[in-house]
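J.: Need coordinates for the below:
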Amino acid sequence: MSGPDRRGDELLGKSLGPYRVQYRLGAGATGVVFRAEETGSGRAVALKVLSESLGTIGALRGRFEREARLLARLDHPNIVHIAGFGVAEQSTYIAMELLEGRTLEQVLMDGPIDPRRGLEVVMELLAGLAVAHRAGIVHRDLKPANVFLLRPDPSEAGPGRPTDRVKLLDFGLAKLLSDEPSAEGEERTLTRKGRIVGTPAYMAPEQITGVALDVRADVYAIGILLFELLADRRPFASERRSELLRAHLLAAPPALHEAREGLDVHPQLEAVIRRALEKSPEARFPDAQAMLDALRALPRDPVRLVPADRGEPRSRSGASSEVISGAEREAISDSASAELRAAAAAPSPPERPSALPAAIRPPPAEGTAAAPVAEPRQARRGPFPRSVPTPVLYLVAALLFAAAAGIWIAVGPG
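T.: Numbering: from 1, shown residues only. Have a look, this model is predicted:
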């Protein structure tokens, strides 16, 4: 049995730049978060120190500082405010406003939230995320643990007002969308290493296969989160990480109205979530603002729930940030592509894809040519859909025969 997580203990009581570390608030795959105090002003902040295993990559450290500089200029009530950043004592840190309340992950571990409130939370997140997308930033790790519900201000309480406010946390893994040659060089360096950092339960297919990401990866993660808040379960669940990642690549999400007893979802809302969860980025909403606009256009009361108890404890599989090696990522991608090709070649209904969509297909290794991908076969056209059962065809034939006999009797043999 492993001992307690002691990461960051050596920083307690020390100063990083103008911030004196007081005590630890939490830790994850990307770093440790402390409560710290700013020298001079005495202002309390949350200080995130980048994990040493990530900070040793020079390109990632440089990008971290550049993103922090850009994030410090973002100003939106649904995005945590960046107070400062820097490198000190061989540690890369970013200082954020200190929030009081709980993460959405902590709330969900206690029990499900009302689906209507879940929809409100997602719309607040999209409002903040849209600002980041317009600035060219992809969050890359959207999940309940990075959503903070502020403790309500008593002065803001009242009928019709939300009981808490939403803040989007941790852009530490965000990718700066830049055409600068230096940024492209850094991306190539990290790609060659092959590993990815993210949360398997919320990762977009293209993030798993390792192709270049854009803001539509965040749209996919928000789609997973919205599904979870409404259905009280994620669309894909498995105890094994490899199976969970394969589900993102291959499996279709279940219908919302079938995922939770007593849940009544308007078809328009169901369609918004299906579009957000498309495997191919091109089929999703182009950015957070477009998805937010679609949700704002929903009819009144698009989701209702007949009170029901949670059937099983909430799954924790894949809900934490993890470092996934290039070898594991490639093995899962290759296995998924092989399974789809085998399914397309089998004597089964046509129109199954023969490989991963081009937008999420991993690039070929250096020095090799990309294998040609067969286009999906067209569906057979005929008087009846292929899905009509044989007994139904017999019944239709019998009815036609009876009708013809009736006409013959009425008219006579001539």
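
J.: wait, is residue 279 part of a helix?
T.: No. Using DSSP: H, G, I helix; E, B strand; the rest coil, the assignment for residue 279 is coil, not a helix.

J.: Please report the distance of it from residue 204.
T.: Look at residue 279 and residue 204: by C-beta to C-beta, to the nearest Å, they are 9 Å apart. C-beta here means a position set from N, CA and C on the backbone, and glycine is covered the same way.

J.: what do the two both touch?
T.: Both residue 279 and residue 204 are in contact with residue 360, where contact means C-beta atoms under 8 Å, 6 or more residues apart in numbering.

J.: quick one: which of the two has more around it?
T.: Per other C-beta atoms under 10 Å, whichever of residue 279 and residue 204 has more neighbours is residue 204, with 28 against 20.

J.: Test my guess that that one contacts residue 223.
T.: No. Between residue 204 and residue 223 no contact is recorded; they are 9.2 Å apart, counting by C-beta atoms under 8 Å.

J.: List the residues that contact residue 165.
T.: Neighbour list for residue 165: 77-78, 124, 149-150, 152 [criterion: C-beta under 8 Å, 6+ apart].

J.: Give the bridge partners for it, please.
T.: Note on residue 165: beta-bridge partners by DSSP bridges are residue 150.

J.: For it, give its distance to residue 79.
T.: As judged by C-beta to C-beta, residue 165 and residue 79 stand 12 Å apart.

J.: what's the domain layout of this protein?
T.: 15-98, 101-347+354-360 (automatic domain parsing).

J.: Filter the contacts of residue 165 down to the buried ones, PyMOL style.
T.: Typed into PyMOL, the line below selects the buried ones among these, using 16 or more other C-beta atoms under 10 Å:
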select buried, resi 78+124+149
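
J.: any idea which of the contacts of residue 165 is closest to residue 261?
T.: Nearest to residue 261 among these is residue 149, at 25.7 Å by C-beta to C-beta.

J.: list the buried ones in the lengthiest strand in the chain?
T.: Longest strand in the chain by number of residues, with DSSP state E as the criterion: strand 19-28. Of the residues in strand 19-28, those scored as buried under the neighbour-count criterion (16+ other C-beta under 10 Å) are 19-21, 24, 27-28.

J.: tell me the contacts of residue 336?
T.: If you count contacts by C-beta under 8 Å, 6+ apart, residue 336 has them with 246, 249-250, 356.

J.: how about the helices of this structure, start to end?
T.: In the chain, the helices defined using DSSP state H lie at 52-55, 58-71, 104-110, 115-134, 181-193, 205-209, 216-231, 241-250, 256-259, 267-276, 288-296, 326-345, 390-411.

J.: Most widely separated two among the buried residues of strand 19-28?
T.: Greatest spatial distance in those: 20 and 28, 22.5 Å, computed using C-beta to C-beta.

J.: nearest spatial neighbour of the spatially most central residue of the chain, skipping sequence neighbours?
T.: The structure's the chain has its C-alpha centroid closest to residue 221; by C-alpha atoms, centre = their mean the separation is 1.4 Å. Spatial nearest neighbour of residue 221, chain neighbours left out: residue 142 (3.9 Å); criterion: C-beta to C-beta, 6 or more residues apart in numbering.

J.: Look at that neighbour and report its pLDDT.
T.: Reported pLDDT at residue 142 in the predicted model: 94.

J.: isn't it right next to residue 222, touching?
T.: Yes. Using C-beta under 8 Å, residue 142 is in contact with residue 222, at 6.0 Å.

J.: Neighbour count for these two, which is higher?
T.: Counting neighbours by other C-beta under 10 Å for residue 142 and for residue 222 shows that residue 142 has the greater number, 29 against 25.

J.: Now do the contacts for that one.
T.: Listed by C-beta under 8 Å, 6+ apart, the contact partners of residue 142 are 125, 129, 168, 202, 218, 221-222, 225.

J.: rerun at 10 Å
T.: Taking C-beta atoms under 10 Å, 6 or more residues apart in numbering, we find residue 142 in contact with 125, 129, 168-170, 198-199, 202-204, 217-225, 288.

J.: and what of residue 223?
T.: Residue 223 makes contact with 122, 142, 202, 204, 235, 253, 272-278, 284-285, 291 under the criterion C-beta under 10 Å, 6+ apart.

J.: do residue 221 as well
T.: Under the criterion of C-beta under 10 Å, 6+ apart, the contact partners of residue 221 comprise 129, 139-143, 146, 198-199, 201-204, 207, 276-277.

J.: Okay then, goodbye and thanks.
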